[in-house]
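[1] A structural model of the following input is requested.
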Amino acid sequence: MKFSLIFICFSLGLLKMNFGVSAEEDPNEEKIKMAEQFAESCYGKDGTTKADFDFMFREKHLPETRPQKCLGACMHEQFETIKDNKFNRETFVALLKGVANDEKKNPVIEEMGETCEKIVEEDRCELAHKLTLCFIEVAEKHGYDFQKLQNGEI
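    I've put the predicted structure just below:
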């Protein structure tokens, strides 16, 4: 369950949108509530609020504002997938492999790590956002929905 939580947190917008599913119907609501417990320690930092969390996780949007991107950065930092303002490829790959729990997906996960590790960004909030977009791009290239992959659903 911890791995699922980590990857709900993970790209915050690491969430690929699932339009048409209300929060009341969302089968991931329990995971979202657990993720919110981690997000709460980020509220107030960089102007982040619960509304930012809800926008990204309950309403399933990619981050649009600086506080939303910074919420993503804060959560990445908690799980050390961003450390010292750099993407921590090893931690990311290990965590996502644990969630996926399917060796057939390992090459895609490795490619995510390898591809996204090339992103260099001084601003930690922009780094988190660019990583999210990178994860989604690589997953979709291989026919995966990143949100489902990060939740261990596929």
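
[2] Which elements pack onto the biggest helix by length in the chain?
    Scanning the chain for the helix with the most residues, using DSSP state H, yields helix 124-141. With contacts taken as 3 or more C-beta pairs under 8 Å, 6 or more residues apart in numbering; DSSP states H and E, helix 124-141 sits against helix 66-78, strand 82-83, strand 86-87, helix 106-116, helix 146-150. Every C-beta, even on glycine, is put in place using the N, C-alpha and C of the backbone.

[3] tell me what the longest one is packed against?
    For helix 66-78, the helices and strands in contact under the criterion 3+ C-beta pairs under 8 Å, 6+ apart are helix 2-9, helix 29-39, helix 50-53, strand 82-83, helix 124-141.

[4] And for residue 81, the neighbour number?
    Applying other C-beta atoms under 10 Å, we find 26 residues neighbouring residue 81.

[5] got a list of what it touches?
    Contacts here follow C-beta atoms under 8 Å, 6 or more residues apart in numbering; on that basis residue 81 touches 10, 87, 88, 91, 92, 95.

[6] and which of those residues is nearest to residue 135?
    Residue 135 lies nearest to residue 10 out of the contacts of residue 81, by C-beta to C-beta, at 7.6 Å.

[7] Just give me the neighbour total for the closest residue in space to residue 50 that isn't next to it in sequence.
    In this structure, residue 50 finds its nearest non-sequential neighbour in residue 43, 6.2 Å apart by C-beta to C-beta, 6 or more residues apart in numbering. By other C-beta under 10 Å, the residues close to residue 43 number 18.

[8] how near is residue 43 to residue 116?
    26 Å (C-beta to C-beta, to the nearest Å).
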